[in-house]
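Asks: Fold the stuff below for me.
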Amino acid sequence: MRGRMGWKFPFVSSYHSEFNYDFNVSFTREDVASGQTLYNFSRAPEWAAEIEDLSGDSVFYKDEAGQILHTYSTFGRGGEEFLGIYRILDVMPKGRDENGPYRSLAD
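Replies: The predicted model follows:
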């Protein structure tokens with residue numbers, strides 16, 4: 001897609017890194033089993049007990065001196081602004097219809 005869209009900015013990914021664990025959006029099986037997992041700056045909700053990866057978006061800025069600044073984060077329901085499909089689903093007769101076990105669009 002990058003080539004098709006003509007995008008020139010660098011893409012980065014947290015795949016195969018500790019980043020998601022450092023920002024408390026991915027968890028080891030041991031973390032989940034302990035019941036002490038933190039998510040969104042507090043203990044993870046009970047419904048997340050069996051999930052090893054939860055939603056989180058972060059924005060960073062690299063200044064002229066090479067310093068990397070963490071400028072924004074959102075967790076859980078805060079990610080809707082990055083997912084255009086929510087705007088479409090919100091106007092449907094049944095809305096997002098998030099009635100499964102995790103009460104999320106993924107259900």
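Asks: Going along the chain, name the helices of this structure.
Replies: Using DSSP state H, the helices found in the chain span residues 2-5, 19-22, 29-34, 85-89.
Asks: Out of these, which is the most enclosed?
Replies: Compared across the helices of the chain, helix 19-22 shows the largest average neighbour count, a mean of 14 (mean count of other Cβ atoms under 10 Å). Where C-beta positions appear, they are placed from N, C-alpha and C, glycine not excepted.
Asks: What lies in contact with that helix?
Replies: The contact list for helix 19-22, computed with Cβ atoms under 8 Å, 6 or more residues apart in numbering, reads Ser14, Ser26, Phe27, Thr28, Asp53, Gly56.
Asks: how close does the closest residue to Leu38 other than its chain neighbours get to Gly76?
Replies: Distances taken as Cβ to Cβ, 6 or more residues apart in numbering put Asn24 closest to Leu38, at 5.0 Å, once the chain neighbours are dropped. Separation of Asn24 from Gly76 (Cβ to Cβ, to the nearest Å): 12 Å.
Asks: do Val25 as well
Replies: When distance is defined by Cβ to Cβ, Val25 is 10 Å away from Gly76.
Asks: Those two: which is more packed in?
Replies: Val25 (21 against 15; other Cβ atoms under 10 Å).
Asks: I figured that one was touching Ser55, is that so?
Replies: Yes: with contact defined as Cβ atoms under 8 Å, Val25 counts as touching Ser55 (7.0 Å).
Asks: anything in contact with each of the two?
Replies: In contact with both Val25 and Ser55: Phe75, using Cβ under 8 Å, 6+ apart.
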